[in-house]
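Peer 1: Sequence and predicted structure are below.
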Amino acid sequence: MEEKEKNAIRLIRQEMSEKDFELYIYSLKKLAENNIDKNMSFMTELYNLRAFQFKAAEEMLENPELKFAMIVIDFANFSTINEFCGRTVGDDLLKHTADSMRTFQKEHVLLSHFRADTFGIFTPFEDKSELIDIVVKLDEMISEFKIPYKVLPAFGICIADSPTMAVSIMRDYATMALESIKGKFYAKYAFFDDEMRSQMLLNKMIENDIVDALENGHILLYIQPKVNMQTGAIEGGEALVRWHHPERGIVMPNSFIPVLERNGLVIDVDICIWRQVFGFLGKRLSEGKRVVPISINISRQHVFDSTFKDRLIDMSKEYNVPPELVPLELTESGFLENQGLMYERMHHLKEYGFKLSMDDFGSGYSNITMLKNEAMDEIKIDKGFVDDIATPKGRSILKHIIEMLRDLDLNIIVEGVEEAQQRDFLLGCGCTKAQGYYYYKPMTTADFETLLDK
Ligand code: C2E
Ligand code: CA
Ligand code: CA
């Protein structure tokens, strides 16, 4: 082995764990065996992913004085093109993309067709603007492809932070940048930036710390009162989770629930909150104090959990809390994705005495027919409608929605009421129940108790 290669390997050795290093050496051997230059995409004659990653690592190590970046290219609508124009046209588009990419071929540049409709460019650069130039030109060239559909390539870019940065990580980061703009027609490219990096670190923190948080009682129940707008009386509450992180302070659900929905741990968080709700109500009931229904949020992930309905029924028995005191808030999208299974489980819970509330009504996948088919006890009108009270069109839409829901004899509650003017308009429409900062923000159970005891 030459001295230069030995040095390179020593450098990598320092950056990697024992296991990663073994894997790295193994893949080096494998690649040498397979003769790297034969690792081409058959269709486009660009490097395949394996060869690309190997060569890119080599480039970086051999040219530590250069700055490198990776651009990942993907199409927002490739399957539509395949479906409506035929596979041959789809293949032609991929070949056209490869040809367009080839015009950027120069020393140290590597081009790859990863798989299906994703491509990669590994390139040296001096200034970020050169990378933008590449994607802008490439976008123009690819878009010249003549078909009746608009071709929508998107680009994610990651700049290497050191010559030993793992190429696979660069690809992950570039892909993450790309995902952030996919489907957004106004954005063509995105760099992996500090915001994405901190989002990624936050996601990692969440995944690492959540189990510990659950075990150590850092996942806490807050309650936001539901108010009768005519009388100001508190008629209920919604259970909302807060994470009291020892270092980060209070972490809000919107920043960690979506992450936990992806790995399934949201189920454990929900159960932890439900337990606190049943505990809270059970204790007050046993002390003969006033209680109001406290609704809980049901993540769609529970549809796949076969113990879900029994768990709620068991908790109701264990804490001696009648099921009608714990309404279940479900989102429309949760229902729509797995209608059969969801209906079956909900039907059972409803027979047992639980009430169902449709959360975020009108925020997305509204399915009006669901209102007549499914026995919903309450509809929560999304905050978006309340925000629109400021405009004449918004007022008209909301007025008619409330009218329709009242015609169907559904209980209505409006979320996100922040101003007196909104309250007045809603009361004028015959809607009396609300939840919003105008009345109360979510509060600790201790504060909620004080409010109930007043
Ligand atoms: P959501 O179920 O729609 O809950 C209502 C959210 O709107 C709450 O945010 C609440 O604080 C906020 N809100 C209420 N009134 C107002 C207002 O007047 N103005 C504004 N700007 N916001 C208002 P929060 O507590 O941050 O919860 C966000 C979302 O996180 C919830 O939306 C729900 O989808 C989810 N979530 C919260 N707790 C849990 C939980 O225990 N389990 C599950 N699965 N999801 C939860
Ligand atoms: Ca809710
Ligand atoms: Ca809601």
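Peer 2: Ah, there it is. Numbering: from 1, shown residues only. Ligands and ions are numbered 1, 2, ... in the order given.
Peer 1: Please identify which helix or strand holds S295.
Peer 2: With secondary structure defined by DSSP states H and E, S295 is part of strand 294-297.
Peer 1: How many residues are close by R115?
Peer 2: A total of 10 residues lie near R115 under the criterion other CB atoms under 10 Å. Glycine gets a C-beta too; all of them are placed from N, C-alpha and C.
Peer 1: what residues does this structure put near ligand 2?
Peer 2: Taking CB under 5 Å from the ion as the contact definition, the chain meets ligand 2 at N297, E329, D359.
Peer 1: Okay, now the unreliable bits of the stretch 301-450 of the chain?
Peer 2: Confidence mapping of the stretch 301-450 of the chain against pLDDT under 70 gives the ranges 333-339, 364-370, 373-374.
Peer 1: mind redoing it with 80?
Peer 2: Residue ranges of the stretch 301-450 of the chain with pLDDT under 80: 303-304, 332-343, 364-375.
Peer 1: Which residues does the host helix or strand of L405 contact?
Peer 2: Following DSSP H and E, one finds L405 within helix 392-407. The set of residues that contact helix 392-407 without belonging to it, under CB atoms under 8 Å, 6 or more residues apart in numbering, is 362, 371, 379, 381, 385-389, 412, 425-426, 429-431.
Peer 1: still on that earlier bit, now check the strand holding S295, is it near ligand 1?
Peer 2: Yes. Judged by CB under 6 Å from any ligand atom, strand 294-297 and ligand 1 are in contact via N297.
Peer 1: What is that strand packed up against?
Peer 2: Using 3 or more CB pairs under 8 Å, 6 or more residues apart in numbering; DSSP states H and E as the contact definition, the elements that strand 294-297 packs against are strand 234-245, helix 266-286, strand 328-331.
Peer 1: Can you list the neighbours in contact with that strand?
Peer 2: Around strand 294-297, the neighbours that count as contacts under CB under 8 Å, 6+ apart are 223, 226, 236-240, 270, 273-274, 277, 280-281, 325-329, 357, 359.
Peer 1: again, only using 7 Å
Peer 2: Strand 294-297 is contacted by residues 223, 236-239, 270, 273-274, 277, 281, 326-329, 357 when judged by CB atoms under 7 Å, 6 or more residues apart in numbering.
Peer 1: Then stretch 71-81?
Peer 2: Under the contact criterion CB under 7 Å, 6+ apart, stretch 71-81 has outside partners 89-90, 93, 117-121, 131, 134-135, 147, 149, 151-157, 171, 174-175, 178, 182-183.
Peer 1: can you tell me which of these are in strands?
Peer 2: Counting by DSSP state E, these place T118, F119, G120, I121, P153, A154, F155, G156, I157 in strands.
Peer 1: Name the nearest of these relative to ligand 3.
Peer 2: When the ones in strands among the contacts of stretch 71-81 are compared for distance to ligand 3 (CB to the ion), A154 comes out closest, at 31.2 Å.
Peer 1: my read: that closest one touches K188, true?
Peer 2: Yes. Contact status for A154 versus K188: in contact at 6.5 Å, counting by CB atoms under 7 Å.
Peer 1: Packing partners of the strand or helix carrying M101?
Peer 2: Under DSSP H and E, the secondary-structure element containing M101 is helix 87-102. Under the contact definition 3 or more CB pairs under 7 Å, 6 or more residues apart in numbering; DSSP states H and E, helix 87-102 sits against helix 78-85, strand 110-115, strand 118-125, helix 128-143.
Peer 1: chain center to that helix, what's the gap?
Peer 2: Here the centre of helix 87-102 is set off from its chain's centre by 32 Å, with CA atoms, centre = their mean, to the nearest Å.
Peer 1: Then stretch 221-234?
Peer 2: Averaged C-alpha coordinates place stretch 221-234 at 30 Å from its chain's average position (CA atoms, centre = their mean).
Peer 1: tell me which parts of the stretch 151-300 of the chain are close to ligand 1?
Peer 2: So far as CB under 6 Å from any ligand atom goes, the stretch 151-300 of the chain lies against ligand 1 at 224, 239-241, 252-254, 257, 266, 270, 273, 297, 299.
Peer 1: Let's have these in TSV, adding neighbour count and distance to D74.
Peer 2: Converted to TSV, those look like this (neighbours: other CB atoms under 10 Å; distance: CB to CB, whole Å):
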residue	neighbour count	distance to D74
Q224	22	41
A239	22	40
L240	18	37
V241	22	35
M252	12	31
P253	18	31
N254	7	27
I257	18	27
V266	23	28
D270	24	34
I273	21	38
N297	21	34
S299	18	29
